[in-house]
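K.L.:
show me how the following folds:
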Amino acid sequence: MKSEDKVGLVGTGMLGNAVGLHLLKTGYDLTAYNRTREKTLGLEKNGASIVDSPMDVARSSDLVITCVKDANAVKSVSFEKNGIVEGRHENLVVADMSTINPIESRKIANKLNDFNIVMLDIPVMGGPNVAIKGELVLMVSGDENAFNKHKKIFEVIARQVFFLGKNGVAHSVKLALNLQIVMLALAISEGITLARASSVDPEVFLKILNSTYFKTGMSENKAYKMIKDKFEPTFTLKNMKKDLGTINETAKSLGLNLPMSFKAEELYRTAIEDGFGDLDYTGILAYLKQATKTENLQNRLDE
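P.N.:
Numbering: from 1, shown residues only. Predicted structure coming up:
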C-alpha cells in the first residue's frame, strides 16, 4: 500500500473511474461506490473494494473523493439515506471533485462541518485521458490542515496542485477556466466553419493558426479530430452546457453579467435539443455544420 491513508471514491463516471484506476496503479487502497454498479467493474478488476452506498465508502476511508454530476448530486451522496454523513468517523475528510456552484459548495461544506466532517474543494482541469496518468491540474480550497494531511494523494492525482484558500474559491476558478475552454471550442468551430464556406481546407486553416501566437493546445490537438468529425467524448456537450448554466448562475449571484457565457449556453442548449448532447463538447462544430446547412437551405427557399 502506498500510504496509510485509505481513499474512497463516490462517483465513477469517466473522470472518477480514471482517477480511481490511477490511484490503484500507484498502490493506494480504494473503496468505491457508484449508483450504477456496472461502472465500477473496471475498478473492481484492478483491486478496488466496491460497496453498496456512500456510507460504506466513508466508513472505510480517511479521504472520500466525490466526483458526481452537480451540487444536488453532492448533497444526495452526502446527506440522504446511507449517505456519507451516516458513515462518518473521526478525522473524515470529503474532497469534492465535481464542478459546482461555489456558493453551493460553501453551503455543503458548512453542513458537513455540522457532522464534524471537513470538506475540501478539489476541481480539476483535464479529462480521463490525463487523469489515468496522474497529469491533471488540481485546485484546492478549504481547510489548509486537511489539505496538507492528504497532499500526497492530491500530488499523485495531479501534476500540479494549487491551494487557493477558503471553501468555494477553487470552484470559482474552475468555472472561470471552463469558460475559457468553451470559448476556445466555439472560436475554433466558427473559424473552421468560415474556412470551409470559403473553400479553404480546414487543415490549412489550422496549420496557419498554429503557426501564430494564437495557437492553443486545443487548436494543436483536438481540432484535428474535429475537422474529421471525430467527437468521441472526454467531456460531453451536455455536461459543458451544465457547466455553462453553473457559470451563469454564479455570475448572477455575484451581480455580474457575462454576455458571451449567456450566448454560449443558449447555443449549447440548442445543440442538445437537436441531438448533439452525447458528443464531445467540441461537437458544437457538428451542430454548426448542420445549422448552417439548414439556414442556407431556408435562405434559398425564401429567395
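K.L.:
can you pull up the most central residue in this protein?
P.N.:
Nearest to the mean C-alpha position of the chain, counting by C-alpha atoms, centre = their mean, stands residue 99 at 5.7 Å.
K.L.:
pLDDT weak spots in the stretch 151-300 of the chain?
P.N.:
Within the stretch 151-300 of the chain, the ranges that satisfy pLDDT under 70 run 294-300.
K.L.:
thought the residue nearest to the centre of the chain was touching residue 246?
P.N.:
Yes. Counting by C-beta atoms under 8 Å, residue 246 is a contact partner of residue 99 at 6.7 Å. Using the backbone N, CA and C atoms, a C-beta is placed for each residue, glycine as well.
K.L.:
what sits in contact with each of those two?
P.N.:
Residues within reach of residue 99 and of residue 246 at once, by C-beta atoms under 8 Å, 6 or more residues apart in numbering, are 70, 175.
K.L.:
tell me, how many neighbours does residue 89 end up with?
P.N.:
Residue 89 has 12 neighbours, counted by other C-beta atoms under 10 Å.
K.L.:
ok, the nearest residue to it once chain neighbours are set aside to residue 82 distance?
P.N.:
In this structure, residue 89 finds its nearest non-sequential neighbour in residue 59, 6.9 Å apart by C-beta to C-beta, 6 or more residues apart in numbering. Separation of residue 59 from residue 82 (C-beta to C-beta, to the nearest Å): 11 Å.
K.L.:
more neighbours: the two, which one.
P.N.:
Each of residue 59 and residue 82 has its neighbours counted (other C-beta under 10 Å); residue 59 has more, 18 against 15.
K.L.:
the more buried one and residue 286: what is the separation?
P.N.:
Distance, residue 59 to residue 286, by C-beta to C-beta: 45 Å.
K.L.:
so what's residue 88 scoring on pLDDT?
P.N.:
Per-residue pLDDT puts residue 88 at 94.
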